[in-house]
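K.L.:
Structure for this input, please:
(one chain, ligands or ions: 1)
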Amino acid sequence: MAFVNENYCNLKESFLFADIAHKVEAYSAAHPEKKIIRLGIGDVTLPLVPAVIDAMAKAVQEMGVKETFRGYGPEQGYTFLHDAIVKYYASFGVELESNEIFISDGAKSDCGNITDIFSNANTILIPDPVYPVYLDTNIMCGRKIVYMEGKPENNFLPMPDENVKADVIYLCSPNNPTGAAYTKEQLEAWVAYAMKNDAVILYDAAYEAYVADASIPRSIFVVEDAKKCAIELCSLSKTAGFTGTRCGYTVVPHALVRKTAGGKDMELNKMWLRRQTTKFNGVPYIIQRGAEAVFSEVGMAQCRENIAYYMENARLIKEGFEKIGVQCFGGVHSPYIWLKCPNGMSSWEFFDYLLDNLAIVGTPGAGFGTMGEGYFRLTGFGSRENTIEAVNRIVEGLK
Ligand code: PLP
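P.N.:
As a prediction, this is how the structure comes out:
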C-alpha cells in the first residue's frame, strides 16, 4: 500500500487567483461593453530587452553547430553566469565566490527545494503577509510554523522577538505584497538574532533590483556575519522579465555551517550542491546566455528602463489613491502598492467594489496571510495607458 504525504491535508485550498478569475469572467459576461483594467497582475508585461534576445539568439545558433553545441551543463550553472553575478554583487559591495552561487529555474523552485536541506524538526518563522510559497512548502514538510505580524505599526517590517524561538526564518525584502524593504540596521538585528540562536535566514531578494535608495540593502550579505547565517534567493523574473523564460540564483555561502541533530557539522553549500546535482539538471544554456546578458552594462541599462517604467506606474497609482485619502504603503522600493481598504471594507469587499463600480481588478490582501485582511495589492506591471485610465477612474469614482 502506498501512503501519500498526509501533510498535504493541512494545506488550505488556494482559491485566490481562481476566485479572482471567476469573478472577472462573470463581470465581463454581464458587462461586455466595459473595458476591464487589471492592476492585480504579478507578472511582467514588457518583453525581454534587446541585449537578452541577441544573446539568446546567438546561443540558439551555437546549439545548431557541432563544435558549439552543448548538452548537459553543470547542474549549478555555467561559470560565465557565475562570473557575471559575482561582478553584479561586487557593484553593491558584496564579495562572493563563484561556487557560492547556484543557478536555478527561478526563486519559487528554490524557495521550495531549499526545505530539503533542513530537518523537519525545525521551527519556521514566516512573515504575515508574504509570498505564500514559504508557508505552503513548509506545511508540505509537516514543520512547526510560527508567524510574525507585518502591520502599519512596524511599517510591515516585523523585527526579531527574543521570546520567539525560530530555527529557520524567511525574510522577503522588498516584500511581496507590501513593498516594504528592510534597512541595513534592521537586517543587522535579524543577523544578530540568527547568530545568537544558530538559526538560518532564508532571504528572498526577488525584488532587489527595484530598491530605489542606495542606503537600502540589495543583499543581506552587506551585513557583517550574514554569510554565517543566511541564504539568499534571487530571481531574474522581475529584474529582467524572465517570468516565462525562467532563471534565478541562490547564494549559499561557504561560511554557513550548522549541525545535524546528532551534532555533526555540515556546510550548507556542500549540502545544496549535493541536492542540486542529485535532483536538478541545470538551466538551459540558451537561457543562461540570456541571463548573462542581463548583467552586462547594456543589458542592465535596458532592464533598468523597464523597471523605471513599472515604478512610474506604481507611483501614479499611489499618487491617485493618496489624492483621495486612501492610506498606501509600498510603491517606492517595489512595484507593489499595498493599500488599506477604504471605509473599513474587507479585502474581498473592496475587490468587488472596484470590479463592480470601476471595472478594475486587484488582489485581495487576505490572499497573502491573515494580516492581509482589510488590505489590497495593486501593481505597476500594467501598461502606462491602462494605469493612467485606472487611476482616473479611481480618483473620479472613489472621491
Ligand atoms: N519570491 C517572491 C517574493 C515573489 O514574489 C516571486 C514571484 O512572484 C518569487 C519569489 C518567484 O520568482 P520566480 O519567478 O523566480 O520563481
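K.L.:
so V146 makes contact with P127?
P.N.:
No - if you go by C-beta atoms under 8 Å, V146 and P127 don't touch, sitting 10.8 Å apart. For the C-beta atoms, the positions are set from N, CA and C on the backbone; glycine is no exception.
K.L.:
More neighbours: the two, which one.
P.N.:
Set side by side, V146 and P127 show more neighbours around P127, with 27 against 13, by other C-beta atoms under 10 Å.
K.L.:
mind listing what the strand or helix carrying the more buried one pairs with, with the direction of each?
P.N.:
Secondary structure assigned from DSSP states H and E places P127 in strand 123-128. Strand pairing for strand 123-128, determined by DSSP bridges: strand 144-149 (parallel), strand 168-172 (parallel).
K.L.:
So which residue is dead centre in the chain?
P.N.:
Per C-alpha atoms, centre = their mean, the C-alpha nearest to the average position across the chain is that of A206, at 3.9 Å.
K.L.:
Now do the contacts for the nearest residue to K58 once chain neighbours are set aside.
P.N.:
Residue nearest to K58 in three dimensions, not counting chain neighbours: R289, with 6.9 Å by C-beta to C-beta, 6 or more residues apart in numbering. Contact partners of R289, counting by C-beta atoms under 8 Å, 6 or more residues apart in numbering, are A55, M56, K58, A59, F80.
K.L.:
wait, is R289 part of a helix?
P.N.:
Yes - counting by DSSP: H, G, I helix; E, B strand; the rest coil, R289 is part of a helix.
K.L.:
Which positions in the stretch 1-150 of the chain make contact with the ligand?
P.N.:
Within the stretch 1-150 of the chain, the residues that sit near the ligand (C-beta under 6 Å from any ligand atom) are G42, G106, A107, K108, Y131.
K.L.:
ranking those by neighbours, who comes first?
P.N.:
A107 leads these on contacts (other C-beta under 10 Å) with 24 neighbours.
K.L.:
Does anything pack onto the helix ranked longest in the chain? Which helices or strands?
P.N.:
If you go by DSSP state H, the chain has its longest helix at helix 297-323. Using 3 or more C-beta pairs under 8 Å, 6 or more residues apart in numbering; DSSP states H and E, the elements in contact with helix 297-323 are helix 50-63, helix 237-240, helix 285-294, strand 328-330, strand 336-340, strand 375-379, helix 384-398.
K.L.:
Just name the most buried of these.
P.N.:
Sort the helices and strands packed on helix 297-323 by mean neighbour count, taking mean count of other C-beta atoms under 10 Å, and strand 375-379 sits at the top with a mean of 29.
K.L.:
Alpha carbons of that one, as PDB, please.
P.N.:
Extracted in PDB, the C-alpha atoms of strand 375-379 (Å, rounded to 0.1, in the frame of the first residue of the first chain):
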ATOM      1  CA  TYR A 375      -5.700  45.400   2.600                       C
ATOM      2  CA  PHE A 376      -5.400  45.200  -1.100                       C
ATOM      3  CA  ARG A 377      -2.500  44.800  -3.500                       C
ATOM      4  CA  LEU A 378      -2.100  46.700  -6.800                       C
ATOM      5  CA  THR A 379       0.900  46.500  -9.100                       C
END
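K.L.:
Identify the neighbouring strands of it in the sheet and state each direction.
P.N.:
strand 336-340 (antiparallel), strand 363-364 (antiparallel).
K.L.:
For stretch 176-184, list the C-alpha coordinates in PDB.
P.N.:
Provided in PDB are the C-alpha atoms of stretch 176-184 (Å, rounded to 0.1, in the frame of the first residue of the first chain):
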ATOM      1  CA  ASN A 176       5.600  40.900  -1.800                       C
ATOM      2  CA  PRO A 177       2.800  42.100  -1.200                       C
ATOM      3  CA  THR A 178       3.600  45.100   1.000                       C
ATOM      4  CA  GLY A 179       6.600  46.600  -0.900                       C
ATOM      5  CA  ALA A 180       8.300  47.200   2.500                       C
ATOM      6  CA  ALA A 181      12.100  47.000   2.500                       C
ATOM      7  CA  TYR A 182      14.400  46.400   5.500                       C
ATOM      8  CA  THR A 183      17.100  49.000   6.300                       C
ATOM      9  CA  LYS A 184      20.600  47.800   7.000                       C
END
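K.L.:
Nearest residue to Y336 in space, please, no chain neighbours.
P.N.:
Setting aside the residues directly before and after it, Y336 is nearest to G179 in space (C-beta to C-beta, 6+ apart), at 4.3 Å.
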